[in-house]
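J.: need a structure here:
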Amino acid sequence: MASSNGGQPAPQMTLVSMAGAREDHTFASYIEQRKHRHGRQSMVMYPMLRRVFCRHCRRWSRGEDHTLTPCLVSSHDVEQVPEPVDELALEVRSCFRCAQEICEKTRYLRDEAPASRGRDTPLHQAARSRNLTMFCHLVTLVGEEGGHGLVVQALRKTNDRKETALHVAVRIGDRDMVELMLWVDPQLGQIACHYISPIYLAVSLGRKDIAEALHDASGPCHIVSYSGPSGRNALHAAVLHGDEMTKSVLAWSEDLTKQDNNGSTPLHFAVSVQQRPFISFGIFGTYTWSEKVPTWQLLDADSSMAYREDDQGLLPVHIAAMTNQNIAIRILLRRCPGCMGLRDEQGRTFLHVAVQNKASRVVSTACKLKQCAPIMNIQDEDGNTALHLAVDNQNISMVIRLLRNQHVCLNLRNAEGQTELDLARSRIREGFFFRWNPDKVIYRMLVALGAKHGNDYRWDRLLQNRFKPKAGDDAEARKLLEKEESDKLTSSTQTLSIGSVLIATVTFGASFALPGGNIADDHPNGGSPTLAGRWYFDAFVVANTLAFLCSSLATVGLMFSGMGMVTLPFRRLHFNISLLFASSAVTSLTAAFALGVYMVLAPVARSTAIAICAISPVVLLYRSAQDLWRIALVSGILYRRRGLPVWLMYSVQAVFGQFVLHLWPFAVIFGWAGYLRERRHG
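T.: Numbers count the residues shown, from 1 in each chain. Okay, here's the model as predicted:
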């Protein structure tokens with residue numbers, strides 16, 4: 001519990017417990033007692049307070065110091081008292097004498113507060129500074145002057161933010177101050193400023209204890225305002241703070257499942273935060289954790305919320321799909337199976353929404369649940385299925401997830417007569433692009449799975465649909481495209497040439513600084529390599545030579561591909577050849593490095609040499625990781641949809657092609673070394 005007495009810890013006894021002990025223990029009766037006793041102290045308030053030191057008057061004060069017996073203040077003294085217009089002025093004041101001075105100096109405890117001070121009354125300042133003792137003195141003085149009604153009037157005044165002192169106390173989380181205000185004015189919790197009630201504010205801040213105090217103080221009929229901004233209520237805020245808060249609010253009132261001004265029910269809010277992401281600096285993206293969001297409790301209280309649309313025509317199941325909340329989707333489908341096929345204003349199911357918003361977890365969940373099979377091929381108002389949308393967005397991960405479900409049809413046509421394959425073909429960009437870009441991978445994947453073009457689509461019309469002019473007529477568009485292609489090739493050539501030139505430089509130097517050194521000049525065969533004749537030396541020389549040749553050829557080819565005077569087709573050809581040679585140069589250089597280290601370390605540290613040779617191919621695996629990953633994904637879908645023979649044929653061809661394309665230097669390197677070894681021993 002927050003401290004409220006000038007930094008002193010709050011006592012255990014509260015006003016609510018005191019009120020429960022004596023039903024006639026009200027602030028109005030307290031004021032009447034003081035009037036009958038001519039301002040003498042009463043034992044009503046002091047259990048709430050501890051002795052605090054007034055740093056302004058340099059004296060101790062506590063709750064029973066409510067006396068109006070001779071405490072004369074001259075006009076000169078009043079003029080010297082600084083006007084309490086900020087928190088600091090009230091933080092240092094805590095005695096009854098200071099409260100008298102404040103009441104005499106600041107009439108806006110009863111009148112209108114000045115606009116230059118944000119219309120904050122001393123009660124606002126006392127609440128904001130957690131000065132419970134000063135607050136008690138102030139309300140006592142006002143009550144003795146004008147009775148309980150004047151205190152209520154002062155307590156209900158609002159500042160420029162349209163907040164009462166109770167709102168301030170709730171915002172800073174001072175429960176003692178809140179309970180004191182509710183004891184003074186039990187109806188204060190019914191006042192909603194700017195449509196924000198104190199109980200809504202407490203719930204939105206996650207202060208369950210303060211919210212319960214506000215509810216308990218509302219009396220046996222529990223007449224209290226739950227309203228919030230934009231037509232929301234306390235239940236809208238409670239669902240964002242866990243199931244315990246929501247259970248409490250639902251226990252107070254079951255009439256809070258209404259829609260706000262935007263048409264959102266509390267269920268719309270709950271399903272949007274079922275799993276909350278947090279930032280990760282790892283390489284595997286964003287992680288999430290599951291909140292104890294009360295989706296089940298809301299559906300048990302009013303299951304019709306699952307079928308209510310907001311002002312955009314979105315249902316809770318669409319909101320869950322939009323925010324990638326797969327757990328919420330499972331709960332909704334299990335508790336309200338009828339919401340599975342519900343559509344929004346555009347005819348989209350939650351699966352369409354999930355694909356468009358890249359909600360991978362929701363798409364995976366829908367594809368795994370057997371009950372979702374009927375919606376796999378539902379078409380929206382444009383005739384698009386979820387697969388159409390995934391292909392159109394070139395989202396390869398979504399396409400793969402959908403294709404793993406055998407209920408997904410590959411040849412449905414949308415309103416424009418396009419099948420998924422037609423759409424994939426039209427999305428392939430014209431020009432020179434990486435062959436593993438999503439648009440090309442998706443098209444090849446659909447072809448491998450047996451997808452067909454539409455019956456009313458001729459190939460020339462399909463290409464016309466793909467090659468749309470960008471500006472002006474076709475000639476201008478073609479010139480613009482050629483310029484873009486030329487700039488693209490020039491930029492790519494500059495990047496690739498750095499690597500090829502670097503490899504050529506390294507291998508050239510290694511040819512004249514061979515591992516193991518040379519034989520001394522005064523010995524036979526002086527100047528020759530000391531390790532000559534061993535098989536790994538022969539393999540190293542071949543690998544180094546092959547790396548030099550491939551990098552040199554790549555450099556020459558890149559010179560042609562970077563020349564603007566060469567036509568684009570020849571520039572593309574030279575670039576592709578250079579890319580192949582550069583890749584082969586990397587393979588050869590990796591082999592040369594491993595063999596060179598092995599030659600030097602094998603005689604003295606064989607285990608270390610073998611370990612280095614084992615980890616060196618990591619470079620090659622990284623280079624081919626994307627290709628192998630795509631092959632694995634496509635082959636898995638082929639096995640599900642077309643059976644073992646097709647899967648086996650595709651996998652063997654694809655893997656063998658990768659080996660030939662990237663690892664042919666190993667065959668040359670170790671083949672030649674083996675041939676020389678056999679020849680020497682033969």
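
J.: Which residue ranges of the stretch 351-500 of the chain form strands?
T.: Counting by DSSP state E, counting those that start in this stretch, the stretch 351-500 of the chain yields no residue ranges for strands.

J.: residue contacts, the nearest residue to Thr246 once chain neighbours are set aside?
T.: Computed as Cβ to Cβ, 6 or more residues apart in numbering, the closest residue to Thr246 that is not its neighbour in sequence is Pro294, at 4.0 Å. Just so you know, the C-beta spots here come from the backbone N, C-alpha and C atoms, and that holds for glycine as well. Contact analysis of Pro294 by Cβ atoms under 8 Å, 6 or more residues apart in numbering lists Val239, Gly242, Asp243, Thr246, Lys247, Ala270.

J.: Could you name the helices and strands sitting against the one helix or strand the fifth one maps to?
T.: When secondary structure is defined by DSSP states H and E, Lys247 falls within helix 243-252. Contact here means 3 or more Cβ pairs under 8 Å, 6 or more residues apart in numbering; DSSP states H and E; on that basis helix 243-252 packs against helix 208-216, helix 234-238, helix 295-301.

J.: Distance from the chain centre to it, please.
T.: Distance of helix 243-252 from the chain centroid (Cα atoms, centre = their mean, to the nearest Å) equals 27 Å.

J.: wait, isn't Gly147 in contact with Arg34?
T.: No - look at Gly147 against Arg34 with Cβ atoms under 8 Å: they stay out of range, at 11.1 Å.

J.: Next up, phi/psi of the closest residue to Val619 other than its chain neighbours, please.
T.: Spatial nearest neighbour of Val619, excluding adjacent residues (Cβ to Cβ, 6+ apart): Thr590 at 5.3 Å. Dihedral angles of Thr590 (phi, psi; degrees, to the nearest 10) stand at phi -60, psi -40.

J.: For Thr590, which residues are in contact?
T.: Contacts for Thr590 (Cβ under 8 Å, 6+ apart) come out as Ser616, Pro617, Val619, Leu620.

J.: can I assume the third one sits in a strand?
T.: No - according to DSSP: H, G, I helix; E, B strand; the rest coil, Val619 belongs to no strand; its state is helix.

J.: hang on, the earlier thing: and the contacts of Thr590, which of them are buried?
T.: Buried subset of these (neighbour count, 16 or more other Cβ atoms under 10 Å): Ser616, Leu620.

J.: Could you list the low-pLDDT ranges of the stretch 101-250 of the chain?
T.: Along the stretch 101-250 of the chain, the model assigns pLDDT under 70 to residues 106-117, 219-222.

J.: In it, what residue spans correspond to helices?
T.: 122-128, 132-155, 165-172, 175-184, 198-204, 208-216, 234-238, 243-252 (DSSP state H, counting those that start in this stretch).

J.: ok, and the most crowded of the contacts of Pro294?
T.: Using other Cβ atoms under 10 Å as the neighbour test, those are led by Ala270, with 31 neighbours.

J.: what about it, helix or strand, and which?
T.: Going by DSSP H and E, Ala270 is part of helix 266-271.

J.: give me every residue that touches the residue nearest to Ser583 when sequence neighbours are not counted.
T.: Of all residues not flanking Ser583 in the chain, His662 sits nearest, at 6.2 Å (Cβ to Cβ, 6+ apart). By Cβ under 8 Å, 6+ apart, His662 lies in contact with Ser583, Ser584, Thr587, Leu620, Arg623, Ser624.

J.: And the helix or strand encompassing the second one, what's buried?
T.: Think Ser584. Using DSSP H and E, the element containing Ser584 is helix 568-601. By neighbour count on 16+ other Cβ under 10 Å, the buried set for helix 568-601 is 568, 571-572, 574-575, 577-599, 601.

J.: chain center to it, what's the gap?
T.: Mean C-alpha position of helix 568-601 versus that of the full chain (Cα atoms, centre = their mean) differs by 41 Å.

J.: about what we covered before: state the distance from the residue nearest to Ser583 to Ile498.
T.: Distance, His662 to Ile498, by Cβ to Cβ, to the nearest Å: 20 Å.

J.: do the same with Phe434
T.: Using Cβ to Cβ, Phe434 is found at 18 Å from Ile498.

J.: Val178 too?
T.: Counting by Cβ to Cβ, the gap from Val178 to Ile498 is 68 Å.

J.: Who has more neighbours out of the two?
T.: Taking other Cβ under 10 Å, Val178 and Ile498 do not tie; Val178 has more neighbours (33 against 10).

J.: ok, now which ones touch that one?
T.: Val178 makes contact with Leu166, Ala169, Val170, Pro198, Ile210, Ala213, Leu214, according to Cβ under 8 Å, 6+ apart.

J.: State the number of residues packed around the third one.
T.: Think Val170. A count of nearby residues for Val170, using other Cβ under 10 Å, gives 32.

J.: before we move on, what about the fifth one?
T.: Residue crowding around Ile210 was assessed by other Cβ under 10 Å; the count is 24.

J.: Which helix or strand in this protein has the lowest average pLDDT?
T.: Lowest by mean pLDDT, DSSP states H and E among the helices and strands of the chain is helix 75-80, with a mean of 38.

J.: Now stretch 348-364: buried residues?
T.: 348-356, 359-364.

J.: Quick check: end-to-end length of it?
T.: Terminal residues of stretch 348-364 lie 18 Å apart, using Cα to Cα, to the nearest Å.

J.: residues in contact with that stretch?
T.: If you take Cβ under 8 Å, 6+ apart as the criterion, stretch 348-364 is touched by 314, 317-318, 320-326, 329, 340-344, 366, 372, 375-376, 378, 380, 384, 386, 389-390, 393, 395, 397-398, 401-402.
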